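> Below is the sequence, then the predicted model.
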Amino acid sequence: MSSHPGGYYLPAPSHWPIVGSVALLLMALGGAFYINHVAGGGWMLLAGLAVLTVMLFGWFGTVIRESESGVHNKQVDLSFRWSMSWFIFSEVMFFAAFFGALFYTRVLSVPWLSEGDTMKQLWEGYKGGWPSAGPGLESEGLKFTPMEAWGIPAINTLLLLSSGVTVTWAHWGLKKNNRAQLIWGLVATVALGLGFLFLQAHEYHEAYNRLGLTLGAGVYGATFFMLTGFHGFHVTVGTLMLMVVLFRSMKGHFTPEHHFAFEGVSWYWHFVDVVWLGLFIFVYWLI
Amino acid sequence: MNRRVITQALLSLGGLLMSTAARASYELNLRAPQSQLARDVYNLHTLIMLVCLGIFIVVFGAMFYSIYKHRKSVGHAAEHFHENTTVEIIWTVIPFIILIGMALPATKTILAMKDTSNPDLTIKVTGYQWKWGYEYLGEGVSFLSTLSTPRAQIENQQPKDEHYLLEVDQPLVVPVGKKVRVLVTAADVIHSWWIPELSLKQDAIPGFIRDAWFKSETTGTFRGQCVELCGKEHAFMPVVVKVVTEDEFRTWLASKKQGATAAAAENGKTFTLAELKAKGEQVYNGHCAACHQANGMGIPGTFKALNGSPTVNGPIEDHLKTVLNGRPGTAMVAFGTQLSDADIAAVVTYERNAWDNKKGDMAQPAQVAALKGGGSKEAGAPAAP
Amino acid sequence: MAHDAAHDHGHEHHPSGLMRWVTTTNHKDIGSLYLWFAGIMFLVAGSMALIIRAELFQPGLQVVNPDFFNQMTTLHGLIMVFGVIMPAWAGFANWQIPLMIGAPDMAFPRMNNWGFWVLPVAGSLLIISLFLPGGAAAGGWTMYPPLFIQGGMSYDVTIFAVHILGASSIMGSINIITTILNMRAPGMTMMKMPLFVWTWLITAYLLIATVPVLAGAVTMLLTDRHFGTHFFNAAGGGDPVLFQHIFWFFGHPEVYILILPAFGVISQVIPTFARKPLFGYASMVYATASIAILSFIVWGHHMFTVGMPATAQLFFMYSTMLIAVPTGVKVFNWVATMWKGSMSFETPMLFAVAFVCLFTIGGFSGLVCAITPVDIQLQDTYYVVAHFHYVLVSGALFAIFAGVYYWLPKWTGHMYDERLGKWHFWMSTIGMNITFFPMHFLGLAGMPRRTADYALQFADFNRIASIGAFMFGLSQLIFLAVLIKAIKGGQKATDRVWEGAHGLEWTVPSPAPYHTFETAPLVK
Ligand code: HEA
Ligand code: HEA
Ligand code: CUA
Ligand SMILES: [Cu+2]
């Protein structure tokens, strides 16, 4: 509704946000019912997710059409860049909470439990050390073997790092308007992402069935699965976004000058990449 | 009607000033300290208050002066000065210096508080929902300390006595002038153990031991409360410490030891159903009624009803196990670490034969001991979900 | 559709009635929505406070049972913080920031709409939780495990509500930061921005940095509750205190999130009514930034009694005390701005003056709490309750009042009823002090927080506090009356409104037209 062409684009009223809110209400209540075994909770949760999906398609579809109709001037583009950067920063802080938990338990609480009066009075004979299932669970005989860093995790590191390369290569293609390079670069990136997810799934299967490493395996299991799990979720989202960008590239969207969607997704992808390096070092390697 | 509220408030304000003038003055300040540490804290607080008061008078003296003088209604014209770095630096540096002056004594006190080395006596304090457990390490003496104020007073059916909510069945007894080290922990949720007069407050963290110390200079009874929200009875688990002379303490300790042996003997005994039910009712009202209610109906949605409960009317083994080991992840804690075998046998028997429950069977202390086996759960260990 | 969306002038064919508010992408509409939401939630959470005060009117249990009492305490705290003060500031940001920096609207109008419309969802989740089996969460607004692990379904609903509130804050903050950084009118350099804009810029940064951490913390609570993790359970090598560290890493910056915009409003109001420029603009900006940075390293002062090592206690004590310095700079600058001004005392100024004075009292009691050995005595007593109500009620809330009275003519186009406004001010200020000042004494004398019943020596002060609370509560009805009166009509407001007012928002007509600064103004 910007009254003069070329001004900052201001969208007309939209019903997508309220649809999203309804989705959240369904998901929150449905989720709460579901985990408390209230009948119908699961369906409510699924309904919420469905509505959310519809909303995402509708909303982003609108934004894409607007973008292609050329109403996004340079200032709008810059807004997108600012917002994506701050969003990624918030994601970093989210992971920081779980890394914090990892360091705290490893450096402080597990040693505290295995020494001095706490050990003598409450957890007689607990040796501590890392990784540990914790005094209570160990005394109940819970055992697990940690994940070997130089197997699947190392391969996954390679996959993600090379996917970082391919997405950059695709970007060069886009900038010199080489569509083939753009599309094949993206195809490769998506493939690597999917490969990562496949191996991760395989790794989880191993952990549960052969290593006894589960969510319930003390703080090690908890931090392991929460960190790698949330990361895996982000890889999934990233891959989906890459697919959308790939699809749009095939439809001929984006120009060498004007392609924020592509850059935003690639930033996100690099962020996921960096988080993985942190995971590989602190969760898999240094134990 | 707003006016009425004001006058009402002002009236009771006046009333208060008189009443406090009459009553002990600690109502306006920290309680009278009973140890060197507490005295340091008391003086530290006084110092900070005075400094702040001073700053307050200066700053707001200036503000209200200018509010009075530099107002439009008295025709004061605005001057337009602003931005003066020197001034800014001055009022950055001066507060900084004042703060250093406050930090120094505080630092000394902190270090003193943290020095729990070579105590004369070590007591393990365990917080339960909603009572305190005391264990005199190396003395073989341990007991639970629960609120002794009758429910009737809380529910306003009886006049409230002087130490309303600050009285317990068995206070912690310690010798005067001795350095007492407390190892504080909890069995279920976080509690916090506090004696204001001795300036000792230590959160009780389930699964961890946190220590602190006090050395009372005077004999007397000091009353504090649990100060970490620990559920619905949080207001009803006071801390009462009785400081006595050295030999009074020795005699008390001796008598306690005898009590312990007596309890042990009881565990070997075999009771009749009637005995168990009678004993069980006492135990129930002391330890279970807070949640499951005297009528066994519990609180729907929060605390399970025992009247007609499948566990209570099921196999006695499972019933005993539930009481012994608790229900993981719920407010039902492991009583195996709190109650004697005899108590558990009694309360289980009572529950199975109280209200509409008519099982008619009974449990004996020996049975409980058998179920406990070798490795009963450690006290500090919260039930793992 | 994208095309007609692009050339649609918005003034015409808009959904009307309820749908206008549901689908709006206009920063003024959304600002009003935020403010109304905050107002309604204030009545809700305030009424809960009155239930608390009614129960505490005298010793013994009269009105509610202890469990319900704790539910009231918990919801009161959660709603006041996340449902009243934060949305109110978001409302101010939406209304004022585009007007103050000469922007046509917020950077992301649609996301702006969603940022608001998830709030009613979270709000209703919290209210609904009251009616679930077992009642609402009763673990305190700080949600400490293991207590929070014990509870029933409503605890999960509370956790999800916190997630959603967080999402709202993140969307709002990203929008505000982007707007401030990217949509300023030509010539509006950073160091020319009004202080309210500066404080919100820094607040938004704090939000984006800490709210995700809170989300992480409550997520761990959820998995500990239902998915067998042991983050906060020693048996599995975790630690209940870990939650406190994570929570307060968010929690302390959070309290500055509540107060920094207040500093901003006060820094607009005082110069206007002192008819004198702010004494130290630059140092105010630096002070705000230093407070924000320091706020990340002081969280341990909420945990002095958990038994942390002496070194940790010392570190957190020193860092906490340090915050008194930049905050002092602000207080001194406000006083210096009044000094030799030409002051008049309309309602906004009255609230601003009360703010400076009473917030400082709250700051001082905070400083007393910062002294670790003293806090060992005060932690979790009513002294803390007194402290934070002085900074939150006579701090954040009074600044909101000041801001509403200050900009109401610009929003509605009518002057509010000055006589009623003054009544509201005096009743609130007197009532607030009668309510919360005695709590200092209660805390010193040893009355614990979050208790439905208390020993007899606390009776007198509790009675007074309860009387004050109802007085304060009722005076809020005057406020309601003032608002409705000003919206319905009243003396026409000029563009400038206040003789001493400066800034872009005063160059547009009152009430501000639906679209402002569609062509950016030039700031010299
Ligand atoms: C708006 C919210 C707000 C603000 C601004 C503050 C500001 C401060 N707070 Fe407060 N605080 C809370 C909200 C807030 N707090 C809440 C909600 C809680 C309880 C949470 C819970 O447990 O539920 C809490 C609890 C709390 C505690 C924990 C108490 C306990 O649980 O035991 C502590 C301890 O250090 C503390 C300290 C401080 C300090 C030092 C400041 C400083 O920022 C104050 C600085 C200001 C001044 C000092 C006054 C002005 C300065 C001058 C005039 C200069 C000269 C002064 C000197 C040189 C002394 N606060
Ligand atoms: C900005 C935040 C904020 C605000 C504005 C308030 C406002 C008030 N608070 Fe709040 N309070 C908190 C934040 C806030 N509080 C927090 C974070 C806690 C900690 C929670 C916890 O421990 O977990 C707390 C805890 C807390 C306690 C301690 C409870 C306990 O420890 O058990 C008490 C007790 O008196 C209290 C009282 C009040 C009162 C009387 C008001 C009054 O100012 C409210 C006045 C408003 C109204 C009354 C509503 C408006 C008027 C009407 C609805 C009209 C009808 C009125 C009548 C019929 C009289 N609060
Ligand atoms: Cu135990 Cu509060
Ligand atoms: Cu704080």
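Good, I have the coordinates. Ligands and ions are numbered 1, 2, ... in the order given.
> give me phi/psi at the most centrally placed residue in chain B?
Centre of chain B computed as the mean C-alpha position; nearest residue by CA atoms, centre = their mean is B:Cys226, 1.9 Å away. Per-residue torsions, B:Cys226: phi -70, psi 130 (degrees, to the nearest 10).
> What's the local residue count around the closest residue to it other than its chain neighbours?
Among residues not flanking B:Cys226 along the chain, B:Met237 sits closest, at 4.4 Å (CB to CB, 6 or more residues apart in numbering or on different chains). Placement of C-beta: from N, CA and C, glycine included. The tally of other residues near B:Met237 (other CB atoms under 10 Å in any protein chain shown) stands at 23.
> same question, the one 10 residues further on
Residues within reach of B:Asp247, counting by other CB under 10 Å, total 9.
> what do you get for C:Ile51?
By other CB under 10 Å, 17 other residues sit near C:Ile51.
> Identify the residues contacting the residue in the stretch 1-150 of chain C positioned nearest to ligand 2.
Going by CB to the nearest ligand atom, ligand 2 is nearest to C:Gly46 of the stretch 1-150 of chain C, at 2.0 Å. C:Gly46 sits next to C:Gly473, C:Gln476 when contact means CB atoms under 8 Å, 6 or more residues apart in numbering or on different chains.
> if I look at it, how far off is C:Ile478?
From C:Gly46 across to C:Ile478, the span is 14 Å (CB to CB, to the nearest Å).
> Identify all contacting residues around the helix or strand encompassing C:Phe69.
Following DSSP states H and E, one finds C:Phe69 within helix C:66-78. Here helix C:66-78 makes contact (CB under 8 Å, 6+ apart) with B:229, B:231-236, B:299, B:302, C:45, C:48-49, C:51-52, C:55, C:64, C:126, C:130, C:135-141, C:158, C:161-162, C:450-453.
> So which of those reach ligand 3?
Applying CB under 6 Å from any ligand atom to the contacts of helix C:66-78, one finds that B:Leu229, B:His234 fall near ligand 3.
> Of the contacts of helix C:66-78, select the buried ones using a ChimeraX command.
This is how ChimeraX selects the buried members of the contacts of helix C:66-78, with burial counted by 16 or more other CB atoms under 10 Å in any protein chain shown:
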select /B:229,231,232,233,234,235,236,299,302 /C:45,48,49,51,52,55,64,126,130,135,136,137,138,139,140,141,158,161,162,450,451,452,453
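> quick one: is stretch C:126-140 near ligand 1?
No. With CB under 6 Å from any ligand atom as the threshold, stretch C:126-140 lies outside contact range of ligand 1, at a closest distance of 7.1 Å.
> Tabulate the CA atom coordinates of that stretch in CSV.
Taking only C-alpha atoms (Å, rounded to 0.1, in the frame of the first residue of the first chain), the coordinates of stretch C:126-140 have been written out as CSV:
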residue,chain,number,x,y,z
LEU,C,126,-2.3,-19.6,31.1
ILE,C,127,-5.9,-18.9,32.1
ILE,C,128,-7.1,-22.3,30.8
SER,C,129,-4.5,-24.0,32.9
LEU,C,130,-6.4,-22.8,36.0
PHE,C,131,-9.3,-25.1,35.0
LEU,C,132,-7.3,-28.2,34.2
PRO,C,133,-7.2,-31.0,36.7
GLY,C,134,-5.0,-30.0,39.7
GLY,C,135,-5.3,-26.3,38.8
ALA,C,136,-2.6,-24.0,37.3
ALA,C,137,1.1,-24.3,37.8
ALA,C,138,2.0,-23.5,41.4
GLY,C,139,5.8,-23.6,41.3
GLY,C,140,6.4,-19.9,41.2
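> And the helices in the stretch 301-450 of chain C, which stretches?
Remark: helices assigned in the stretch 301-450 of chain C by DSSP state H, counting those that start in this stretch are C:310-322, C:324-338, C:347-370, C:372-378, C:382-391, C:398-412, C:418-445.
> give me the low-pLDDT residue ranges for chain C?
Along chain C, the model assigns pLDDT under 70 to residues C:1-13.
> Right, and chain B sits closest to which residue of it?
Closest residue of chain C to chain B, CB to the nearest CB: C:Ala234 (2.3 Å).
> For that residue, which residues are in contact?
Neighbour list for C:Ala234: A:109, A:113, A:122-123, A:134-136, B:205-208, B:380-382, C:240 [criterion: CB under 8 Å, 6+ apart].
> Next: C:His387.
C:Gly362, C:Ser365, C:Gly366, C:Val368, C:Cys369.
> Most neighbours of all those residues, which one?
Among the contacts of C:His387, the one with the most neighbours (other CB under 10 Å) is C:Ser365, at 25 neighbours.
> do you know how far the residue nearest to that one when sequence neighbours are not counted is from C:Arg450?
Among residues not flanking C:Ser365 along the chain, C:His387 sits closest, at 4.0 Å (CB to CB, 6+ apart). C:His387 sits 15 Å away from C:Arg450, going by CB to CB.
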